[in-house]
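Visitor: coords below, sequence missing:
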């Protein structure tokens, strides 16, 4: 596999191990640059100031030796060492992608949450301090609101079904305080949600993907209603309570992404759905976010979306493509697509949005690109995974070319 990085590199987020191309030492990489080659590569955390990458040199599990790379300036040297020493025990990495970067990890055996502080070593906290169920994930909005996803109890409507539990905090400090001091901190709001397999946040909103393929959204900051992707009302579907997106209710979603003031979902059928708005204070808006045909009742006459969610089509050489992955940074999107050509799959990446740092992989001739444009450097690659955070992008591809 190969790992490509492009965009802002001011904190050396792309300097992974013995990188193939040391041009990444520059603060900007305006086109995709290969920064790592290995039999297996997994990007497990990214932010505007750091990244965590795991790779394995041997192709077969019997010879497996995994190396963890922490790159960037979000944690101390001792905390980076702690990450490497506990690599096999970590289930989740969490933090604020536009602020401090990596804030901590969730471990197994025994279940613990480890918080990183800039002025001290890692602090381990047992999840059993405050709740009988394990913490599954922690997601933090760029505004600092914290969501804890925990194992839940039986559903009242279906005793055989087990919901997850959502706990909301106004800051990471409050969440840590709640774990540390069960007798002296106030109880946070507790809400139920169907079992989740993915939890992501952007500047204001948290989005969850359930194991059944449904998408739920909620926010503690109601100033940007488009970011919810759904209507809200205090009595029916409050903005601060997890509720499903109606437009996606009949569609099975397999992947979600969120960043800046946008969110996206990829369906089992290879469709791309997008909702949100441009980042406040920035010039330009992605064409796919524009609602051009909405009547006085707020209903869209376009069958490819409603007043919140837009269904986006992307074509390769005039042929409609199947969407396979999506990633969102602070105002930019990456979309992995493929089409059948001559009986084989041809893959590539399209990007749109903010581009001051070259985060779209298109060079820096335009600071904003409003329509999805192909990243030609990645044409013909087999896309494995993508990540985006802040003004940076990461793409993992297979060694083999897949038709160009």
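Guide: Happy to help now that I have it. All figures in this text were calculated on a predicted structure; none of them were measured in a lab.
Visitor: what sits against the nearest residue to residue 48 once chain neighbours are set aside?
Guide: Leaving aside its chain neighbours, residue 48 sits nearest to residue 390 (2.7 Å; criterion: CB to CB, 6 or more residues apart in numbering). Yep, even glycine has a C-beta here, placed from its N, CA and C like the rest. Residue 390 makes contacts with 7-8, 47-49, 97-98, 329-330, as judged by CB atoms under 8 Å, 6 or more residues apart in numbering.
Visitor: hmm, try it at 10 Å
Guide: Residues near residue 390 by CB atoms under 10 Å, 6 or more residues apart in numbering: 7-8, 10-11, 13, 46-50, 97-98, 101, 142, 259-260, 329-332, 357, 359.
Visitor: all strands for the stretch 51-200 of the chain, in order.
Guide: Along the stretch 51-200 of the chain, the stretches classed as strands by DSSP state E, counting those that start in this stretch are 66-72, 90-96, 101-107, 112-117, 120-126, 135-140, 146-154, 162-169, 190-193, 196-201.
Visitor: now stretch 306-321, how far from the centre of its chain.
Guide: In terms of CA atoms, centre = their mean, to the nearest Å, the centre of stretch 306-321 is set 21 Å apart from its chain centre.
Visitor: so how far is the first residue of that stretch from its last?
Guide: End-to-end span of stretch 306-321 (CA to CA, to the nearest Å): 22 Å.
Visitor: now the strands of the stretch 51-200 of the chain as a markdown table including mean neighbour count, mean pLDDT and distance to residue 210?
Guide: Shown next, in a markdown table, are these (neighbours: other CB atoms under 10 Å; pLDDT from 0 to 100; distance: least, CB to CB, whole Å):
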| stretch | mean neighbour count | mean pLDDT | distance to residue 210 |
| --- | --- | --- | --- |
| strand 66-72 | 19 | 94 | 30 |
| strand 90-96 | 20 | 95 | 17 |
| strand 101-107 | 24 | 95 | 20 |
| strand 112-117 | 20 | 90 | 23 |
| strand 120-126 | 14 | 74 | 27 |
| strand 135-140 | 23 | 95 | 13 |
| strand 146-154 | 20 | 83 | 11 |
| strand 162-169 | 20 | 92 | 9 |
| strand 190-193 | 16 | 92 | 7 |
| strand 196-201 | 20 | 98 | 5 |
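Visitor: export these as a markdown table, with columns for distance to residue 287.
Guide: Shown next, in a markdown table, are the strands of the stretch 51-200 of the chain (distance: least, CB to CB, whole Å):
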| stretch | distance to residue 287 |
| --- | --- |
| strand 66-72 | 33 |
| strand 90-96 | 29 |
| strand 101-107 | 32 |
| strand 112-117 | 40 |
| strand 120-126 | 44 |
| strand 135-140 | 29 |
| strand 146-154 | 31 |
| strand 162-169 | 34 |
| strand 190-193 | 33 |
| strand 196-201 | 23 |
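Visitor: for the ones you listed, which one sits closest to residue 244?
Guide: Across the strands of the stretch 51-200 of the chain, residue 244 has its closest neighbour in strand 190-193 (9.8 Å, CB to CB).
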